[in-house]
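> Sequence plus predicted model, see below.
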Amino acid sequence: MIIATIICLLLTFIIYLHLSVYNLRRKYAHIPSLPFRPFYLYYMGHLPLLSKLRKMNPVGASLEGAFIQPVRKELNTDTFMIFFNKRCILVTQDLPKVSAVLSDHTMFKKTKNFRKNVSQLNGISVAGQHGLLVEPGSHVWYTKRKILDPAFHKKYLKITMDSMVFVSNKVVEYMRDNTVEGDCINMFPLLGRTAMEIVSRSGFNIDIDMIQDEDSQLYNAIQMWTKCMGLKFKHTFTWDWYPFHRKDKDEFAKAMIPTRRFLRQHAEERIASDDTEDDILSHIIKANSFSDQLTVEDTVDDFLTFFLAGMETTANSMSFVLWYLIKNEEVYTRLQEEVDEVYSGKSDLHFDDIPTLTYMDQVIKEVMRLSPPVLATSRQNVESVMLGDLILPKETIIRISQWALQTDPRHWENPLVFNPENFASNKKIKPFTYMPFMAGPRSCIGRNFAVLEMKIILSKLLRHFTFIDSDPENTVLETTTDITCKPKHGVLVRVKERAC
Ligand code: HEM
């Protein structure tokens, strides 16, 4: 009897599995995809192939680096399906489709899965249910975005520049005190703390030293959050129950709970003080006051959203710039000359000097073309819809990879060669082929903030130090991707102080 019941249950499970996989595949049968061979791959979908391609590809362990270009070439189409067990993703590199998806935030929203994964971790709210980054795209997102946008306009950036310059001087001081000429150092952690201190000072008026204090609680909490989120994405099936993750989860909670308490107190003081500041926090407070349903906890979620979105991305980009510079002597020399010229006779840059750093602008853009910290984004259609010539069933996950578009040989000459001339003033760039900050209404709100910050920090570093490649034989940039794409081993350099 027991054996018969077990067999029945097993058969029911197998039939259920088969039907759910079969129905999903049938729903998308009109869209090209790679065949599933041998037969058992039918159930696993393209997972085994992805694992094989991942091992061969240098761009982190990401779907985009491993899968998109080879599959596009093999199927000879820009739009195709990838299947993983009972899940599937539509990948598109077709520019009109990319434009349609990114431009219409009411039909193509951020995915439910993204909110589920990023809003909280182990029961502790982080980016929140209504945070700007994770909100799928309702009235709440729209109203918040409209109120927050002005915080990133030129007028605000001009005010905020003083704190960026202040932090850049602290970085120089730290390096003078802590580096021995000729020793090999890793610039990556310092650039992480730099980006974090800039967001907290200029965005929220929080005066915490993260340059000197390598163990700052705020910095550690964000680090633990990104680390655990990366682990959660990587170990989707085991994260919730596998005891092996216990230590990381405990460390995350130990860092995040007091950090939330500290941020709540800071927010409450500002709310109570008839806020007269003009920073990101004052805009967040204004944005959250429009709805009775949003509480001070939502304000703390927004705080954390800006730390998450603004810290690692900018730190990774600055690190990538340093890596490309030490590997490309000619570009380094030309950029150094520009920086020295713009600085001549001054110890700090002014807002009006920034547009004169034209070659710096080209270099940053080219680095962000080859090594964008955010490799891709996903959207989900709220209803079944025509996308170009395809009928998309409701709630299809659509993946758009800026990395694949930015290294597509149809849009870029010698796409994998580092060449800042790609962004010379006479070069035309096709819309949607270059979007490290994404495009459309859900593109990065902090784009101008990040670029200004990178120009100030990098020019200051180049003005005061010479960076020498500590491992000239190693010419491959190894990256790793958890939430964002970053240099796997940091940026190892030897530093020499310049006389200036
Ligand atoms: C080099 C640095 C940066 C890069 C490469 C970057 C990239 C991006 C990208 C690609 C998106 C769109 C994500 C998606 O569509 O799924 C995004 C959104 C966002 N970014 Fe950035 N970002 C950077 C710096 C910043 C900074 C400094 C801040 C704030 C201080 C910031 C705040 C945000 C926010 C709040 C969103 C969500 C916007 C919305 O959905 O309305 N980012 N960023």
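Thanks, I have it. Numbers count the residues shown, from 1 in each chain.

> So Lys455 is in contact with Pro355, correct?
No. Assessed by Cβ atoms under 8 Å, Lys455 is found out of contact with Pro355, at 9.8 Å. (C-beta placed from N, C-alpha, C; glycine too.)

> ok, these two, which is more surrounded?
With neighbours defined as other Cβ atoms under 10 Å, Lys455 and Pro355 compare such that Lys455 has more, 21 against 9.

> measure the more buried one to Ile364 for me?
To Ile364, Lys455 is 7 Å away according to Cβ to Cβ, to the nearest Å.

> what do you get for Phe432?
Distance from Phe432 to Ile364, by Cβ to Cβ: 20 Å.

> which of those two has more neighbours?
The residue with more neighbours, out of Phe432 and Ile364, is Ile364; 25 against 22, by other Cβ under 10 Å.

> interface residues of this protein facing the ligand?
132-133, 145, 199, 203, 305-306, 309-310, 313-314, 317, 373-374, 377, 436-438, 442-446, 449-450 (Cβ under 6 Å from any ligand atom).

> if you set the cut-off to 5 Å instead, what comes out?
By Cβ under 5 Å from any ligand atom, the residues of the chain that approach the ligand are 132-133, 145, 306, 309-310, 313-314, 317, 373-374, 377, 437-438, 442, 444-446, 449-450.

> Over to the residue in the chain positioned nearest to the ligand: give its phi and psi.
Scanning the chain for the residue nearest the ligand gives Gly446, at 2.2 Å (criterion: Cβ to the nearest ligand atom). Phi and psi for Gly446, reported as degrees, to the nearest 10, are phi -100, psi 10.

> isn't it right next to Phe152, touching?
Yes. Here Gly446 reaches Phe152: they are 6.3 Å apart, a contact under Cβ under 8 Å.

> Lowest average confidence across helices and strands of the chain, where is it?
helix 63 (a mean of 69; mean pLDDT, DSSP states H and E).

> what about the residue nearest to Met187 when sequence neighbours are not counted, how many neighbours?
Of all residues not flanking Met187 in the chain, Val491 sits nearest, at 4.6 Å (Cβ to Cβ, 6 or more residues apart in numbering). When neighbours are counted by other Cβ under 10 Å, Val491 registers 24.

> Verify the stated contact: Val491 with Leu322.
Yes. With contacts counted by Cβ under 8 Å, Val491 reaches Leu322, the gap being 4.9 Å.

> In terms of secondary structure, what does the helix or strand hosting Val339 contact?
Assigned by DSSP states H and E, Val339 belongs to helix 329-343. Contacts defined by 3 or more Cβ pairs under 8 Å, 6 or more residues apart in numbering; DSSP states H and E place helix 329-343 against helix 296-327, helix 358-370, helix 447-464.

> most packed of the ones you listed?
Stretch with highest mean neighbour count among the helices and strands packed on helix 329-343: helix 296-327 (a mean of 24; mean count of other Cβ atoms under 10 Å).

> what's the angle between that helix and helix 447-464?
40 degrees (axes from the mean of the first three to the mean of the last three Cα atoms, to 10 degrees).

> Tell me where the model's unsure across the protein.
56-63, 275-276 (pLDDT under 70).

> how about the residue nearest to the spatial centre of the chain, what does it touch?
By Cα atoms, centre = their mean, the chain has its centre lying nearest to Val374, at 3.7 Å. By Cβ atoms under 8 Å, 6 or more residues apart in numbering, the residues touching Val374 are 313, 402, 436, 438, 484-485.
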